[in-house]
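> 3D model of this:
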Amino acid sequence: MSLKLKYWQLPVLFIPFIAGSIIEDWPQSDNEAYLRTSATANFLFVLNTCVLIYYQTYFALGFNRVSTKKSNIFKWNALVPVFFFTAYLLMVVYSTFIKAVVHQNKHFRGPIQKADFNPTTWVIFVFIIHALITFFLINNQFVARQIKKVPNADEQLILKENFLEPMKKLLSVTIGLLLAAILISFITDIVKLT
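Alright, predicted model coming up:
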């Protein structure tokens, strides 16, 4: 079984993100409904992030498995975001659907609200930054460099086709859809404010 998707199939991986964006913009009748909808959208965003990280890690670890020079550091670096986002997804599922935690924000007068960073928030923040760096920079660069070190041109071509190309496609579609989402959000905000 191969998980290599074509360019036109890759946006299917973003269905949770698109659904979360749509339900987040639904008008809400009261604050409690708004908080429930936002929590559900957050679940969909985290689910989408997990799917993207799992897909890329599948190819990164597959390459590391068939590579002549296996790297344990690369393997564990690629697995850290998988473990973190799996635990984070379980935490979001628990707090959204099982326990139904409603976060009570402390609002202050004025345009700027206080950010209450605690140690848990900092740990989550560090792991998210690590996952972003691994997803956007490390995995693709490592696989590309290791493929260039292969002396056989035919083997290089097979490795590129089986591992690097799907990872590059995922990265380019991810960047394109994120930029499109930012642009749509920007235009929507302008339309709402005018």
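> ok, and for the biggest helix by length in the chain, which residues are buried?
Ordering each helix of the chain by length in residues (DSSP state H) puts helix 31-66 first. Within helix 31-66, the residues scored as buried using 16 or more other Cβ atoms under 10 Å are 35, 37-41, 43-53, 55-61, 63-64. From N, CA and C alone the C-beta is placed, and that goes for glycine too.
> What is it packed up against?
With contacts taken as 3 or more Cβ pairs under 8 Å, 6 or more residues apart in numbering; DSSP states H and E, helix 31-66 sits against helix 15-24, helix 72-93, helix 139-148, helix 165-193.
> Show me which positions of the first one end up buried.
This means helix 15-24. Applying a neighbour-count criterion of 16+ other Cβ under 10 Å, one finds 16, 17, 19, 20, 21, 24 buried in helix 15-24.
> Also the longest one?
Of the residues in helix 165-193, those buried under the neighbour-count criterion (16+ other Cβ under 10 Å) are 166, 167, 169, 170, 171, 173, 174, 177.
> of all the helices and strands packed on helix 31-66, which lies closest to residue 123?
The closest of those to residue 123 is helix 72-93. By Cβ to Cβ, the value is 9.2 Å.
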